[in-house]
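Engineer: dropping the sequence and predicted coords here.
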Amino acid sequence: MRQLKGFKLSDHTTLRVGGLATTVCEIQSPSDIQDFVHEYGNQDFFVLGGGSNIVAPDHEIKTPIAYMQLVNSSAKTDGDFVEINAGSGMLWDDFVADAVDQGLSGVETLSGIPGTVGASPIQNIGAYGTEVNSSIKSVQLVDGTTGKSRILTNEELKFSYRFSILKNLTSRFIIENVTFRLKRDKNSKITNYPQVAESLGINPGESVSIKELRNTILAIRKSKGMILDANDHDTFSVGSFFINPIMEKEKVPTNAPMYENQSGKVKTSAAWLIEQAGFEKGFRLGGAMISSKHTLAIANSGNATAEDVIELSNLITSGVKQKFGIALTIEPRILKI
């Protein structure tokens, strides 16, 4: 287990905010996890992956950090399916790219999402009609106090929209690996997302190669500033900062978009609510701004602090609440370490 010095969270988070961390341990193997728990399991600690879903504080951080760089993987075939056990530190889009290159279908619609494999089940990442829970078989955790390993099955993870039981676990844990079950199929069926189908020149429900779909999804995400680009501050964000609300159909504001949801309720557009509440693309507060390309993203214009980001988030949520009576939920974790 290697100690990393001069580790600024602003250099390791997609929002590009965060102070100097004094105790950072690089986790490259299961034994490193055990060493970390042995050393720091008796105190609060934080697990850092790709830094794509957090707002880190600006001050010096003394809480020990496990920096996940565990990228091992293995695979076994089961008929038309392949089960891949992937290390939690593997970059998510690297995992997707490798699956597509191998002709394995199931995660191609999730191309371009930042972060790591280990973070993907926690909030059940999703995009364009696909959620990662449809491809996850199990998650292996290590208890952050005892070091004991535990495997949670897909059913035990209790997935729902942007949620898994991992969000509510009271005990501290470190995700060691995630096992995915992907199908050998070089084609993918398009869901009812007009922008995707239109970009591909096909009708919703028709099939297209998984490589073509991945490239299309990446192009769409890039056009919305959702692919990190070191030369474009508009992309310095956590992606979607706000979750699309799910509610009773009769409570959806007039003219707001509605989408059917498996819960029996409907999902409406947080972006529409934000814009109708008076917050347009490019709106700024301090160094934080609503992306000029994507209303759901709060971006770092170049000199934002964590406080700027939090203040802008609070301003938006209070504005939407005041106009529509709807309480928006934020996606990223606001670190208090």
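Structural biologist: Alright, I've got the coordinates. No experiment lies behind these values; they were computed from the predicted model shown. Residues are numbered from 1 along each chain as shown.
Engineer: how about the longest strand anywhere in the chain: buried residues?
Structural biologist: Counting residues, the longest strand found in the chain (DSSP state E) is strand 173-184. By neighbour count on 16 or more other Cβ atoms under 10 Å, the buried set for strand 173-184 is 173-182. Where C-beta positions appear, they are placed from N, C-alpha and C, glycine not excepted.
Engineer: which among those gets closest to Ser160?
Structural biologist: Val178 (17.8 Å; Cβ to Cβ).
Engineer: can you pull the pLDDT of the closest one?
Structural biologist: Val178 is assigned 98 on the pLDDT scale.
Engineer: same question, Thr268
Structural biologist: pLDDT, Thr268: 96.
Engineer: can you list the strands that the helix or strand hosting Glu26 pairs with?
Structural biologist: Using DSSP states H and E, Glu26 maps to strand 24-27. The pairing partners recorded for strand 24-27 under DSSP bridges are strand 2-4 (antiparallel), strand 65-68 (parallel).
Engineer: so which of those strands is the most packed in?
Structural biologist: strand 65-68 (a mean of 25; mean count of other Cβ atoms under 10 Å).
Engineer: which other residues reach that strand?
Structural biologist: 4, 7, 12, 21, 23-27, 33, 36, 40, 45-49, 88-89, 116, 118, 174-175 (Cβ atoms under 8 Å, 6 or more residues apart in numbering).
Engineer: hmm, try it at 7 Å
Structural biologist: For strand 65-68, contacts defined as Cβ atoms under 7 Å, 6 or more residues apart in numbering pick out 4, 21, 23-27, 36, 45-49, 88-89, 116, 118, 174.
Engineer: just want the angle from the next helix or strand after it to strand 173-184.
Structural biologist: Next along the chain after strand 65-68, taking DSSP H and E as the criterion, comes strand 73-78. If you take axes from the mean of the first three to the mean of the last three Cα atoms, to 10 degrees, strand 73-78 sits at 40 degrees to strand 173-184.
Engineer: what bridges to Phe160?
Structural biologist: For residue 160 the amino acid is Ser, not Phe. For Ser160, the beta-bridge partners are Phe163 (DSSP bridges).
Engineer: for this protein, longest helix please?
Structural biologist: helix 306-324 (DSSP state H).
Engineer: where do the helices sit along the stretch 1-150 of the chain?
Structural biologist: Along the stretch 1-150 of the chain, the segments classed as helices by DSSP state H, counting those that start in this stretch run 30-40, 92-101.
Engineer: from these, which stretch is densest packed?
Structural biologist: helix 92-101 (a mean of 20).
Engineer: what sits against Leu273?
Structural biologist: Leu273 neighbours (Cβ under 7 Å, 6+ apart): 256, 320, 324, 326.
Engineer: part of a helix, is the first one?
Structural biologist: No. With the criterion set as DSSP: H, G, I helix; E, B strand; the rest coil, the secondary structure at Ala256 is coil rather than a helix.
Engineer: any idea how far Phe324 is from it?
Structural biologist: Per Cβ to Cβ, to the nearest Å, Ala256 is found 8 Å from Phe324.
Engineer: residues near Glu280, how many?
Structural biologist: 11 (other Cβ atoms under 10 Å).
Engineer: leaving out sequence neighbours, find the closest residue to Gln102.
Structural biologist: Val82 (7.6 Å; Cβ to Cβ, 6 or more residues apart in numbering).
Engineer: one step back: which among the contacts of Leu273 count as buried?
Structural biologist: Judged by 16+ other Cβ under 10 Å, buried ones among the contacts of Leu273: 320, 324, 326.
Engineer: does the residue nearest to Gln102 have beta-bridge partners, and which?
Structural biologist: The partner residues for Val82, given DSSP bridges, come to Thr77, Leu182.
Engineer: for the helices of the stretch 1-150 of the chain, give me JSON lines that also has distance to Ser74.
Structural biologist: Shown next, in JSON lines, are the helices of the stretch 1-150 of the chain (distance: least, Cβ to Cβ, whole Å):
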{"stretch": "helix 30-40", "distance to Ser74": "13"}
{"stretch": "helix 92-101", "distance to Ser74": "13"}
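Engineer: relative to Gly239, which of these is closest?
Structural biologist: Of these, the one closest to Gly239 (Cβ to Cβ) turns out to be helix 92-101, at 11.4 Å.
Engineer: ok, and what's touching that closest one?
Structural biologist: With Cβ under 7 Å, 6+ apart, helix 92-101 has contacts from 86, 107-108, 110-113, 115-117, 120, 182, 210-211, 214.
Engineer: filter those residues down to just the ones in strands.
Structural biologist: Per DSSP E, strands hold the following members of the contacts of helix 92-101: 86, 182.
Engineer: of the contacts of helix 92-101, which is the most crowded?
Structural biologist: Ser120 (31 neighbours).
Engineer: correct me, but that residue touches Val132?
Structural biologist: Yes. Using Cβ atoms under 7 Å, Ser120 is in contact with Val132, at 4.9 Å.
Engineer: out of the strands paired with strand 24-27, which gets nearest to Arg150?
Structural biologist: Taking those one by one with Cβ to Cβ, strand 65-68 is closest: 17.0 Å.
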